[in-house]
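Asker: dropping a prediction and its sequence here:
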Amino acid sequence: MRIAVVGTGYVGLVSGTCLAETGVTVTCVDVDATKIELLNKGGIPIYEPGLAELVVKNRMDERLFFTVSLQEALIDADAVFIAVGTPPDEDGSADLRYVLGVAREIGQLLDHYAVIVTKSTVPVGTNRKVKDTITEELRKRGSDVEFDVASNPEFLKEGDAVNDFMSPDRIVIGVESDQAKKTMERLYHAFLLNNTSIFFMDIPSAEMTKYAANSMLATRISFMNDIANLCEIVGADVSAVKRGIGSDTRIGKKFLNAGCGYGGSCFPKDVKALIKTGKEYGYSMEVLEAVERVNERQKEVLFTKIMKHYGGHIRGKHFGMWGLSFKPATDDMREAPSLVLIDKLLEAGATVCAFDPVAMDEARRRIGDRIGYARNMYEALQGADAMIVVTEWQEFKVPKFTYIEKALREKIIFDGRNIYSPDQMKEFGYVYYGIGK
């Protein structure tokens, strides 16, 4: 079986590479010639554990190819995946210009039956627009080539995307014809053999499933952050509360960690887009509007704690920051809490030196020389008035506290991810601030 994947960003590259690993012949397309050249040389443009090795392996086995030519990729393709970006517009809605641009080009080039699969995260109704766009281009050509559209949303966690794709909880596919269903069953045959749950449904339901899933997870995070803030006020411990409610099988333990807010490419964008979709249909998504407000407030919680500790005056203070990416195992800084905190600290007259295991280059691209960058985690603390933890990287969880003590001017830690024990910090002589403690 042959497929084309349009877009070699996070979703497209992971999806195309993993499908190649199952035996499918995959040609990935991108308009960025520099990115395609990098991929053809064995490099990858994103950081994702395990992905580089799979790219190299499947290129050597001649199942994975990269090109700038969509026409070349379409040759004998049974399915064409649209996996380009859908960045949020100013009003929060998903920007579909790239998705529909690809659909337009497919309509101009398609010469045989294929299923056009939307992998990008798109609002309900987008596949209808994709179908209409392709149909219009075929009409202009005077072509009667048949095609189907399908929705196949991704459920990948950055930092664990390869494992998520290869061993998924479920696969969701929206189709509107038996022929499209049969094509998708062939494509995911290896997963059917492994008894993976594959849910076929109508296309609007598949489109909605992705937004509903991410919005539910974002809701859990904001809910626990709200509970954490109340815990501090009433003298409770959010970690104990988490254990107490997480043991309820109706609730479960996942996505109940309190912290300094969520970020990334999915949760913020998808929550905004679903709120916008509701407004377009005259419906107010009141729960999600609250989720978004809580998260924006939570991104300032560390700054609030810092200002309170220093009596509202931090001009001239210097802070060592551990973590820049929005979560561990990725270099993604989109909507990262670190960006909000850095802006607040600098505006208040403080200086910052930061370290992140993989996001340093991305930070330099986004922030430039507004902050300092350390060569290692302990160097970031040298001469700092206090230490701030923003991302819960594994190497930060069991540090050498003797090194920290020597580096800091004062033994103060602001822990935005609750990776340290307040009792242990007290025993070590640190002034410690967690979330919901």
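Answerer: Done, it's in. Residues are numbered from 1 along each chain as shown.
Asker: can you give me the strands for the protein?
Answerer: 2-6, 25-29, 64-67, 79-82, 115-118, 148-151, 171-174, 198-201, 318-322, 351-355, 372-373, 386-389, 412-415, 431-433 (DSSP state E).
Asker: as CSV, the ones you listed with distance to residue 341 and mean pLDDT would be great.
Answerer: All C-beta spots, glycine's among them, are computed from the backbone N, C-alpha and C. Formatted as CSV, these follow (distance: least, Cβ to Cβ, whole Å; pLDDT from 0 to 100):
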stretch, distance to residue 341, mean pLDDT
strand 2-6, 36, 98
strand 25-29, 36, 98
strand 64-67, 38, 98
strand 79-82, 36, 98
strand 115-118, 36, 98
strand 148-151, 37, 98
strand 171-174, 36, 98
strand 198-201, 40, 98
strand 318-322, 8, 98
strand 351-355, 9, 98
strand 372-373, 15, 98
strand 386-389, 7, 98
strand 412-415, 9, 98
strand 431-433, 13, 98
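Asker: now render the ones you listed as JSON lines, adding mean neighbour count and distance to residue 257.
Answerer: Shown next, in JSON lines, are these (neighbours: other Cβ atoms under 10 Å; distance: least, Cβ to Cβ, whole Å):
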{"stretch": "strand 2-6", "mean neighbour count": "26", "distance to residue 257": "33"}
{"stretch": "strand 25-29", "mean neighbour count": "25", "distance to residue 257": "35"}
{"stretch": "strand 64-67", "mean neighbour count": "21", "distance to residue 257": "36"}
{"stretch": "strand 79-82", "mean neighbour count": "26", "distance to residue 257": "33"}
{"stretch": "strand 115-118", "mean neighbour count": "26", "distance to residue 257": "32"}
{"stretch": "strand 148-151", "mean neighbour count": "25", "distance to residue 257": "31"}
{"stretch": "strand 171-174", "mean neighbour count": "22", "distance to residue 257": "26"}
{"stretch": "strand 198-201", "mean neighbour count": "14", "distance to residue 257": "28"}
{"stretch": "strand 318-322", "mean neighbour count": "26", "distance to residue 257": "17"}
{"stretch": "strand 351-355", "mean neighbour count": "21", "distance to residue 257": "22"}
{"stretch": "strand 372-373", "mean neighbour count": "17", "distance to residue 257": "27"}
{"stretch": "strand 386-389", "mean neighbour count": "26", "distance to residue 257": "13"}
{"stretch": "strand 412-415", "mean neighbour count": "23", "distance to residue 257": "12"}
{"stretch": "strand 431-433", "mean neighbour count": "18", "distance to residue 257": "16"}
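Asker: quick one: buried residues of the top helix by length along the chain?
Answerer: Longest helix in the chain, counting residues (DSSP state H): helix 203-234. The neighbour-count check on helix 203-234 (16 or more other Cβ atoms under 10 Å) flags 203-204, 206-211, 213-215, 217-229, 231-232 as buried.
Asker: circling back to that earlier point, between the strands of the chain, which gets nearest to residue 92?
Answerer: Among the strands of the chain, strand 115-118 comes nearest to residue 92, with 19.9 Å by Cβ to Cβ.
Asker: chain center to that closest one, what's the gap?
Answerer: 22 Å (Cα atoms, centre = their mean, to the nearest Å).
Asker: so who does residue 64 touch?
Answerer: By Cβ atoms under 8 Å, 6 or more residues apart in numbering, the residues touching residue 64 are 16-17, 20, 26, 28, 55, 58.
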